[in-house]
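Trainee: Have a look at this prediction, sequence included:
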There are 2 protein chains.
Amino acid sequence: MRGLFHPAKQDIALAQVMHALSDPVRLELLARVAAVDGEPCTAVAGDIDVHKSTLSHHYRVLREAGLTMTTVDGRTRVVRLRRDDLDDLFPGLLDAVLAAFRKHGA
Amino acid sequence: MRGLFHPAKQDIALAQVMHALSDPVRLELLARVAAVDGEPCTAVAGDIDVHKSTLSHHYRVLREAGLTMTTVDGRTRVVRLRRDDLDDLFPGLLDAVLAAFRKHGA
DNA sequence: CAATCGGTTTGATGATTGTCCAACTATCCG
DNA sequence: CGGATAGTTGGACAATCATCAAACCGATTG
């Protein structure tokens, strides 16, 4: 498995971030990751009704856009929000999106 | 020309807004519209290097996502930001995106 | 070692997208 | 009216996307 790619902070692009946040499943995932930081993937994904390979795909989109940081722990993956990088690059964006999602859904 | 469709405020969906903001051309358009509110389309589009029908397409995506309000004035279209609706629905989102775009580009 | 478990990778498929071009509509000007 | 101007519409095309299914892989467990 080619070691999980994460973009460097300066390579995080706004349009790509917005695209990563333009899917209902990914918004749901991000909101959950933001709520419980540092949980295994499945614990977070829980009841979402999509195939596990689809979930894997969405996690990769979030990761490669620079939104999340995934580390390997045994046979589970731990997903964390790159809040520091994002808040520094795009102040207020993450909080606005998360608040909007909590209030209105996708 | 089927009269320009604008979603009602309560029908503006987060995911669709994010998708509308996930294209470099549309981010550029939005930033310009935000800067000079109430200008004709071409005055705003100016030097952007895409075909005029492509521009028309992007304007429609922005409009149908609820980001802009387009009115017809003679033979030109006037595009305005739906700032009140957006700020009310998704507080801080628009400003965060615009600030991010001004600082980093797309 | 064998089975299981968490998750990835690799197709395949249908839908959506961004772009251009050509034709069209509607308005304005002379 | 006839031309120019501003923009839309429809078609075509390649690229990307979300989804599923099946095979796979590495870590853990029996």
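Mentor: Alright, I've got the coordinates.
Trainee: Any chance you could list what contacts the helix ranked longest in chain A?
Mentor: If you go by DSSP state H, chain A has its longest helix at helix A:52-65. Where contact means CB atoms under 8 Å, 6 or more residues apart in numbering or on different chains, the residues beyond helix A:52-65 that reach it are A:4-7, A:12, A:16-17, A:19-20, A:23, A:25-26, A:29-30, A:41, A:45, A:48, A:50, A:68-70, A:77, A:79. Quick note: C-beta positions are derived from backbone N, CA and C, even for glycine.
Trainee: Okay, buried residues for that helix please.
Mentor: Residues of helix A:52-65 classed as buried by neighbour count (16 or more other CB atoms under 10 Å in any protein chain shown): A:55, A:58-59, A:61-63, A:65.
Trainee: now the helices for chain A?
Mentor: With helices called from DSSP H, chain A shows them at A:14-20, A:24-35, A:41-45, A:52-65, A:83-89, A:93-104.
Trainee: Please tabulate those helices in TSV, including the columns distance to B:R102 and mean pLDDT.
Mentor: Supplementary listing: those in TSV, determined by distance: least, CB to CB, whole Å; pLDDT from 0 to 100:
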stretch	distance to B:R102	mean pLDDT
helix A:14-20	10	98
helix A:24-35	24	96
helix A:41-45	34	72
helix A:52-65	20	97
helix A:83-89	13	98
helix A:93-104	13	98
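Trainee: Go through these and pick out the most buried.
Mentor: With neighbours defined as mean count of other CB atoms under 10 Å in any protein chain shown, the helices of chain A peak in mean count at helix A:14-20, which reaches a mean of 21.
Trainee: elements contacting that one?
Mentor: Helices and strands touching helix A:14-20, by 3 or more CB pairs under 8 Å, 6 or more residues apart in numbering or on different chains; DSSP states H and E, are helix A:52-65, helix B:14-20, helix B:24-35, helix B:93-104.
Trainee: of all those, which lies closest to B:L86?
Mentor: Ranking the helices and strands packed on helix A:14-20 by distance to B:L86, with CB to CB as the measure, places helix B:93-104 first at 4.9 Å.
Trainee: helices or strands next to that closest one in the packing?
Mentor: When contacts are defined as 3+ CB pairs under 8 Å, 6+ apart, helix B:93-104 sits against helix A:14-20, helix A:93-104, helix B:24-35, helix B:83-89.
Trainee: Format those helices as JSON lines; extra columns: distance to B:D95.
Mentor: Supplementary listing: the helices and strands packed on helix B:93-104 in JSON lines, determined by distance: least, CB to CB, whole Å:
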{"stretch": "helix A:14-20", "distance to B:D95": "14"}
{"stretch": "helix A:93-104", "distance to B:D95": "8"}
{"stretch": "helix B:24-35", "distance to B:D95": "9"}
{"stretch": "helix B:83-89", "distance to B:D95": "8"}
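Trainee: closest to DNA strand C out of those helices?
Mentor: Distance to DNA strand C, taken as CB to the nearest atom of the strand, is lowest for helix B:24-35 among those, at 4.6 Å.
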